[in-house]
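Visitor: Structure for this input, please:
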Amino acid sequence: MARDEGDGVSRRLRREQEQGRRRRRGRLEDERPLAPRSGLHSREVRVLYVACEGESTEPDYLQYLNEQFGDGDGQGRQRFRIQPVYRRNGLMPSRVVEAARTAAGEDEAWALFDRDQWDDIPQAVKHAAESRVEVAFSHPSFDLWLLLHFQAFGGEQGGGSKLVIEKLRQAKGADAFKNYDKRNDKSIKGARRDALKGREDKAVAHARSLIASCSHGRCKPAHAKAEQVDHHAKPQSPQQWAARSGHASECPVLQRDPSTDVWRLLVALGIHTDTE
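Guide: Numbering: from 1, shown residues only. Next up, the predicted model:
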C-alpha cells in the first residue's frame, strides 16, 4: 500500500513539473527568462524580452534565433537569450508594447507588431518611446520579413499581406513555405527554419533597401540605430523613437509601406554586422 502511495506521489510530481515547464514557454504571464542553456551564468548572456502581436510565427522565429545564434560565434559576438512574450489569439500593438515593458522590467525590451487592421499603432509607438521599448514594426506584416530572406520586394500593399504570402510560397529556395498560411499553419519550424538559415544577410540588405526607396524621400538606412538605450536616459519623442528604424522622423509610421524593422534586431544582437 505504501508503495502505491509513493508511486502516486511520484506521478503527481511529474505532472506538476511538466505543467510548470509548459507555463514557462513564453506566455504573457511569464516574468523571468528561461534559464540560459549549457550551464551559462545569466550575467554572461544578454537577455531580451520580445513581445509579439502573433502567437505562432513570431515566437517561432525568435526561438529559431535562440537556437541558431544564441550561443555566440566564438569570435566576440555575445551570447543572448530571447524570451518571447505572447498571448493566445494575439495582442494589439499597444498591448504588445505594454507586455514587453511589463515582462522586461529593467531588461531590454522589444515589441514586434504589424500594420494589419490596427488603428492604435501611433499610440503604441508613443508608449514605446516613453518606456524605451524598441519597436520592430512590419508593414504590412511579419511575413514580409520572411519573404526578404529569398527575394527583394516592393510596392505599396495597403496593409494587405495576400501578395506577400503568395510571393513567399513561390520564392526560389522557399519550397518549405509552399503551404504557408494554409490551414492556419504559419509556424516557423523544421524545414521552414532550415530554409531561412544562411539568408540573414540577404534579408537585412533587402529590408534596408526598402528604407532607401521609401516614398517619403528622406529615409536612409544608414541613419538607423540598434544600440541599447539606457533606461534612465531622457525620453525621446515618438517621432524620434520611430526614426531609429532609419526612416525620417517626419515620415509617418503608417505610410512606411512596405517596410520591416526586424532587421535591426539582428544587428542589435550582432547576427548581422555589415550595415553599409
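Visitor: now the residue nearest in space to the middle of the chain, which residues is it bridged with?
Guide: Nearest residue to the geometric centre of the chain (C-alpha atoms, centre = their mean): residue 112, 5.1 Å. Taking DSSP bridges as the rule, residue 112 bridges to residue 52, residue 136.
Visitor: Could you point out which residue ranges in the protein have low pLDDT?
Guide: 1-43, 274-276 (pLDDT under 70).
Visitor: let's see it at 80
Guide: Residues of the chain that meet the criterion pLDDT under 80 lie in 1-43, 231, 273-276.
Visitor: Once you drop chain neighbours, what's closest to residue 61?
Guide: The shortest distance from residue 61 to any residue other than its chain neighbours is 4.9 Å, reached at residue 188 (C-beta to C-beta, 6 or more residues apart in numbering). Just so you know, the C-beta spots here come from the backbone N, C-alpha and C atoms, and that holds for glycine as well.
Visitor: Quick check: that neighbour touching residue 65?
Guide: No. At 10.3 Å, residue 188 does not count as touching residue 65 under the criterion of C-beta atoms under 8 Å.
Visitor: Could you tell me whether residue 138 really is in a strand?
Guide: Yes. Residue 138: assigned to a strand according to DSSP: H, G, I helix; E, B strand; the rest coil.
Visitor: Number the chain from 38, please
Guide: Done: numbering now begins at 38, and the last item shifts to residue 175.
Visitor: give me the number of residues near it?
Guide: Residue 175 is flanked by 26 other residues according to other C-beta atoms under 10 Å.
Visitor: residue contacts, it?
Guide: Applying C-beta atoms under 8 Å, 6 or more residues apart in numbering, we find residue 175 in contact with 149, 150, 151, 152, 181, 182, 296, 297, 298, 299.
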